[in-house]
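**Q** no FASTA, just this:
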């Protein structure tokens, strides 16, 4: 990944407390896994930002390298990688997701 | 395209103390994989998933596996 791509990713993650890299948009997710994450975050009623990796090939490949995570979607909370779709679903089902997001966003 | 046996072999090669269960969701490139492993003990969920992904790195990059739903379970 080149430096420009890395800087772009860092800027997105640092300027958005809850940031989702996904395929498609909040209103039109282009993949079932991305849709899962959007639905979960919507249902928690938290504010989040998204970036459509289908619009930018460099970011699409760069984000996988950035977090050593080979799949999309990817969720970042306060600059830290939280997980992909499976982890979000698991945290949501166990009730830990809402708590974690609320604590991190309040601090 | 990748067989269930290939997926199981790749993961158990990386995680010798694991039990791997693979199901097709729709078509052979959409997989539901569950891994129970002592190697996960004490690791965060992200690290547990990263271990499994690292075993399937090439298959994910080449899209031999197009979609993977993963569940990891520590033994302790």
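**A** Perfect, I can see it now. What you see is a predicted model; the values in this text were computed from it and never measured.
**Q** work out for me the element residue B:69 sits within.
**A** Following DSSP states H and E, one finds residue B:69 within strand B:67-74.
**Q** packing partners for that strand?
**A** helix A:32-44, helix A:85-94, strand B:30-37, helix B:45-55 (3 or more C-beta pairs under 8 Å, 6 or more residues apart in numbering or on different chains; DSSP states H and E). Yep, even glycine has a C-beta here, placed from its N, CA and C like the rest.
**Q** OK, now which residue of chain B is nearest to chain A?
**A** residue B:60 (4.4 Å; C-beta to the nearest C-beta).
**Q** could you report the pLDDT at that residue?
**A** Per-residue confidence at residue B:60 stands at 90 (pLDDT).
**Q** confirm for me that it is in contact with residue B:70.
**A** No. Look at residue B:60 against residue B:70 with C-beta atoms under 8 Å: they stay out of range, at 10.8 Å.
**Q** quick check: neighbours shared by the two?
**A** residue B:53 (C-beta atoms under 8 Å, 6 or more residues apart in numbering or on different chains).
**Q** between the two, who's got more neighbours?
**A** Neighbours per residue (other C-beta atoms under 10 Å in any protein chain shown) separate residue B:60 from residue B:70, with residue B:70 holding more: 21 against 18.
**Q** tell me what the more buried one is bridged to.
**A** Beta-bridge pairing for residue B:70 (DSSP bridges): residue B:33.
**Q** before we move on, back to that, with distance to residue A:100, mean neighbour count and mean pLDDT added, can I get the helices and strands packed on strand B:67-74 in JSON lines?
**A** Below are those laid out as JSON lines (distance: least, C-beta to C-beta, whole Å; neighbours: other C-beta atoms under 10 Å in any protein chain shown; pLDDT from 0 to 100):
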{"stretch": "helix A:32-44", "distance to residue A:100": "11", "mean neighbour count": "18", "mean pLDDT": "97"}
{"stretch": "helix A:85-94", "distance to residue A:100": "7", "mean neighbour count": "18", "mean pLDDT": "96"}
{"stretch": "strand B:30-37", "distance to residue A:100": "24", "mean neighbour count": "19", "mean pLDDT": "94"}
{"stretch": "helix B:45-55", "distance to residue A:100": "12", "mean neighbour count": "19", "mean pLDDT": "96"}
